[in-house]
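S.K.: got a sequence here, can you model it:
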Amino acid sequence: MEKDYSKKSGNGVIHIFQGDITDMKVDAIVNAANEHLILGAGVAGAIARKGGPSIQEECNHFGGTFVGGAIITGAGNLPAEKVIHAVGPRMGEGDEDEKLKNAVINSLKLAEYQKIESIAFPAISTGIFGYPIDKCSRIMIKEAVEFLISSQYLKDIFFVLWDKQAYSIFLKTLKER
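M.R.: Numbers count the residues shown, from 1 in each chain. Below you'll find the predicted structure:
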């Protein structure tokens, strides 16, 4: 990873990284998924390529989930142990902020239920789904900060951003909290 910034929050720590989420050695990484759980492009495509076919096979077993929902699978050949597939909103479908918030909260609740201690998120919905990165950073970091107040198992939440601009936006948002 090229850059790292950390800030204590509640019962844990929030980390901002610039790098490749598929290289993270954490208990779970989050896939910015579509509602059909088809691993296509972007983060999902990288997960499919590096993780191997077993991840898609497990996703096929679920068949899909709702926008704002999250499911968990194994991580195949990835260094993480699990993949949480969170379905974020597409811009223009309506109620996008609430749906993104739900995708983050449902991922965090699923991680806590699974007794996961470390999780890495990408900037959900900001790629081909067109969600604005600045708004995404505010929602995702707010939910992470609030979740760590009462978390029992989850101790480290990483936001792993591919490019410098996204990293800078998430970094600024966390520093302002």
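
S.K.: pLDDT of stretch 49-62, averaged?
M.R.: Averaging pLDDT along stretch 49-62 yields 97.

S.K.: may I see the buried residues of it?
M.R.: Residues of stretch 49-62 classed as buried: K50, G51, I55, Q56, E58, C59 (neighbour count, 16 or more other CB atoms under 10 Å). Glycine gets a C-beta too; all of them are placed from N, C-alpha and C.

S.K.: OK, contacts around the second one?
M.R.: Residues counted as contacts of G51 (CB atoms under 8 Å, 6 or more residues apart in numbering) are T22, A75, G76, N77, L78, V83.

S.K.: show me which pair in those is furthest apart.
M.R.: Of all pairs drawn from the contacts of G51, the greatest distance, 11.4 Å, lies between N77 and V83 (CB to CB).

S.K.: neighbouring contacts of the helix or strand bottoming out on mean pLDDT in the chain?
M.R.: Least confident helix or strand of the chain, by mean pLDDT, DSSP states H and E, is strand 3-9 with a mean of 87. Strand 3-9 is contacted by residues 13-19, 144-145, 148-149, 167, 171, 174-175, 177 when judged by CB under 8 Å, 6+ apart.
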